[in-house]
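> What follows is a predicted structure for the sequence shown.
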Amino acid sequence: MKIGVFTDSYRPYTSGVVRSIETFTSELTSLGHDIFIFAPSYPNCQKENRVFRFASIPAPTNPDFTLALPFSLQLRQTMRRWEPEIIHVHSPFLLGRLGAHFAKQMGVPLVFTFHTLYDQYVHYVPFAREVTRELTRRFCRDFCNQCDLVIVPTGVIGEHLIKMGVRTAVKKIPTGIKLEEFSAGNKQWLRHKYKIAPEEKILLFVGRLGQEKNIGYILDNFAAIVAELPATRLVIVGGGPEEEAIKKQTDRLGLKNQVILTGTLPRSEVINCYCGADIFIFGSKTETQGLVLAEAKAAGLPVVAVRAFGAMEMVRDGEDGFLTEAGDRKAFIKGVQQLLTDRELYQRMSKQALLNAGTLSSRQSALSLLVSFDELIKTKEKYRKAR
């Protein structure tokens, strides 16, 4: 099967969307399918086979992210020569719109994976945020209704789209994880790299350092945890526009010696961080899935997270972690403290985290996606013949 993937974010940029595309591409390619990715270019990004790069400009609110200029003299020729059987877009904006245009022009099915609650990101807009939020919802709804299928990573997001007025068929297919990556991780790397003593417990956050990740909430809670359990460190893995603000808050809270900011790390080192930590903590209220939660569980880490959207399905409250209500700092802090002090509870949740992560196989997710693709292609072909 020839699958054209149009995305507004791709490596070397790091995000859950990029990770999802990488995971599905790897699995689908290993199953013998032909994937061609259409993505923005970045300074000094390496040339890759089966990746078409568009000229791009830095995003005004995030210089690490680039905005593709959605046109190219070579694009039409490339599409006609390659002739995709289906187009899968990962954004309703620039390149997503371009992918939709080519799907219509070439008469092939259009699939959209709804990765992001875009209306929750209006804090990046300097004015008229509520108006922007409503316009964004309408924009996303209308784009979904142009597609043949909308993929969502969790059922709660599917329900959210239906309430927004999406009439297109919606199917839940989570981004899976490669469990073998975590079984091969180095459990000592994190402590050796950052000189963390054996008796210290490690709380871990992995993700983009943006306002929507609610890292300030994590730091405030961590300050209270350290006050009771001083032999505790917080490791924050990732980069992003909030890095300086996080450093300032860390200093203001007197946590400079307790918090480690690693910056962006290679994938192998991120896995080592998961494998070397004790608990994963997560404050985001905007996740459609929260892939990092599944990855943490694959490393055997119990999770303490805010009960919101995707996290509600990724964490089984009281089984492999704790879900706390947004803003309930006492419950969040208590959950972490319980896991740090109750060894029996910790071991039980750690074991269950590993078992539950096993249900999120990347191969199984890829096979589910292929079934949907095949059905759409057959339906489209049947429609053509009937005309």
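Arrived safely, thanks for sending. Numbers count the residues shown, from 1 in each chain.
> Restricting to C-alpha, output whichever strand or helix holds Glu27 in PDB.
Here Glu27 sits within helix 16-30, counting by DSSP states H and E. Taking Å, rounded to 0.1, in the frame of the first residue of the first chain, the C-alpha atoms of helix 16-30 are listed here in PDB:
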ATOM      1  CA  GLY A  16       4.100  13.400  20.600                       C
ATOM      2  CA  VAL A  17       2.900  13.900  17.000                       C
ATOM      3  CA  VAL A  18       6.400  13.300  15.600                       C
ATOM      4  CA  ARG A  19       6.800  10.200  17.800                       C
ATOM      5  CA  SER A  20       3.500   8.800  16.600                       C
ATOM      6  CA  ILE A  21       4.400   9.300  12.900                       C
ATOM      7  CA  GLU A  22       7.800   7.700  13.500                       C
ATOM      8  CA  THR A  23       6.300   4.700  15.300                       C
ATOM      9  CA  PHE A  24       3.600   4.000  12.700                       C
ATOM     10  CA  THR A  25       6.000   4.600   9.800                       C
ATOM     11  CA  SER A  26       8.500   2.100  11.300                       C
ATOM     12  CA  GLU A  27       5.800  -0.600  11.800                       C
ATOM     13  CA  LEU A  28       4.100   0.000   8.400                       C
ATOM     14  CA  THR A  29       7.400  -0.100   6.600                       C
ATOM     15  CA  SER A  30       8.500  -3.300   8.300                       C
END
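> Give me the contact list for it.
Contact partners of helix 16-30, identified using CB atoms under 8 Å, 6 or more residues apart in numbering, comprise 3, 5, 7, 9-11, 35, 37, 90-91, 113, 115-116, 153, 175-178, 207, 287, 289-292, 362-363, 365-366, 369-370. For glycine as for every other residue, the C-beta is placed from the backbone atoms N, C-alpha and C.
> Output the below-cut-off pLDDT ranges for the stretch 51-200 of the chain.
Low-confidence segments of the stretch 51-200 of the chain (pLDDT under 70): 119-129.
> any chance you could map the strands in it?
All strands of the stretch 51-200 of the chain, identified by DSSP state E, counting those that start in this stretch, fall at 51-54, 56-59, 62-68, 86-89, 110-113, 149-152, 170-172.
> mind listing what the fourth one pairs with, with the direction of each?
Read it as strand 86-89. Partners of strand 86-89 in the sheet, by DSSP bridges, are strand 2-6 (parallel), strand 110-113 (parallel).
> Surely Lys104 touches Leu110?
Yes: in this structure, Lys104 is within contact of Leu110 by CB atoms under 8 Å, at 7.4 Å.
> of the two, who's got more company?
Taking other CB atoms under 10 Å, Lys104 and Leu110 do not tie; Leu110 has more neighbours (26 against 12).
> what number of residues lie near the residue nearest to the more buried one when sequence neighbours are not counted?
Spatially, and ignoring its direct neighbours in sequence, Leu110 is nearest to Ala103 (3.8 Å; CB to CB, 6 or more residues apart in numbering). The tally of other residues near Ala103 (other CB under 10 Å) stands at 24.
> Please report how far Ala103 lies from Asp148.
Ala103 sits at a distance of 8 Å from Asp148 (criterion: CB to CB, to the nearest Å).
> shared neighbours of these two, anything?
Here Ala103 and Asp148 share the contacting residues 109-110, scored by CB under 8 Å, 6+ apart.
> returning to what we had before: what's the PyMOL line that selects buried ones from the contacts of helix 16-30?
Filtering the contacts of helix 16-30 down to the buried ones (16 or more other CB atoms under 10 Å) takes a single PyMOL command:
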select buried, resi 3+5+7+9+10+11+35+37+90+91+113+115+116+153+175+176+177+178+207+287+289+290+291+292+362+365+366+369+370
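> ok, back up a step: the residue nearest to Leu110 touches Phe112, doesn't it?
No: Ala103 lies out of contact with Phe112 (CB under 8 Å); the separation is 10.0 Å.
> quick one, domains of the protein?
Per automatic domain parsing, the structural domains of the chain span 2-176+361-386, 179-357.
> ranking those by burial, who's on top?
Most buried of the domains of the chain by mean neighbour count (mean count of other CB atoms under 10 Å) is domain 179-357; its value is a mean of 19.
> okay if I get the strands paired with strand 86-89 as CSV plus distance to Gln337?
Conversion of the strands paired with strand 86-89 to CSV gives the following (distance: least, CB to CB, whole Å):
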stretch, distance to Gln337
strand 2-6, 44
strand 110-113, 37
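> so which helix or strand takes in Ile246?
If you go by DSSP H and E, Ile246 is part of helix 243-252.
> So what's the gap between that helix and the chain middle?
Distance of helix 243-252 from the chain centroid (CA atoms, centre = their mean, to the nearest Å) equals 24 Å.
> repeat for stretch 307-319
Relative to its chain's centre, stretch 307-319 lies at 15 Å (CA atoms, centre = their mean).
> Stretch 220-232 now?
For stretch 220-232, the distance to the chain centre is 28 Å (CA atoms, centre = their mean).
> what does stretch 30-40 give?
Here the centre of stretch 30-40 is set off from its chain's centre by 19 Å, with CA atoms, centre = their mean.
> same check, this time on stretch 64-75
The answer for stretch 64-75 is 22 Å, by CA atoms, centre = their mean.
> cool, and stretch 83-94?
Taking CA atoms, centre = their mean, one finds stretch 83-94 lying 18 Å from the centre of the chain it belongs to.
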